[in-house]
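Enquirer: what follows is a protein structure lacking sequence information:
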């Protein structure tokens, strides 16, 4: 993206396939909270098969689509639950596909922000920690603050799947503003999220 084009495109995806996923709910809420100079496209990981290294040089179409969308985006937004003190298998699998084969890592150099939601009191903190470790190898640029951990998410998403917690929504708005501003600085763009 050139400095004359200051619109920041963000690709978001959730580390859950469940239709009623709380992480999908907070990701949807992000579409309502974007800075004016940004867009968010949500990609559903449904349909990405288990990673098979035999196929990494000619991956399935769904994987090709995913990698293409990652490459086209200026920044990445991940919303993930926690599974077994770490990231869910579906998210790890998608990351494996998108970063392979060696030398064809579609995530390389991308700014990235993380959100997590869980029904427990930690809000997915351990998943975020492990995801940040993966970002080192992926050569991504993670946003450090604000941290967004949605605790007791079952009490903060209504029957229609809308994230209704106002303090949480405010934090997501701040996260998006920080991600957009970091992306602008990294890419030498001319505008800022607060303009």
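Expert: Thanks, I have it. A quick note: this is a predicted structure, and the numbers were derived from the prediction, not measured. Numbering: from 1, shown residues only.

Enquirer: just give the nearest non-adjacent residue to residue 57, would you?
Expert: Distances taken as CB to CB, 6 or more residues apart in numbering put residue 101 closest to residue 57, at 5.7 Å, once the chain neighbours are dropped. Quick note: C-beta positions are derived from backbone N, CA and C, even for glycine.

Enquirer: I'd say the one you found and residue 58 touch.
Expert: No. Assessed by CB atoms under 8 Å, residue 101 is found out of contact with residue 58, at 10.0 Å.

Enquirer: give me the more crowded residue out of those two.
Expert: More neighbours surround residue 101 than the other of residue 101 and residue 58, with 11 against 8 (other CB atoms under 10 Å).

Enquirer: quick check, the more buried one in a helix?
Expert: No. Counting by DSSP: H, G, I helix; E, B strand; the rest coil, residue 101 falls outside a helix, being coil.

Enquirer: how near is it to residue 49?
Expert: Distance of residue 101 to residue 49, computed by CB to CB, to the nearest Å: 16 Å.

Enquirer: try residue 131
Expert: Counting by CB to CB - residue 131 and residue 49 are separated by 21 Å.

Enquirer: what segments of this protein are helices?
Expert: Ranges of helices within the chain are 22-32, 61-72, 89-99, 125-138, 166-187, based on DSSP state H.
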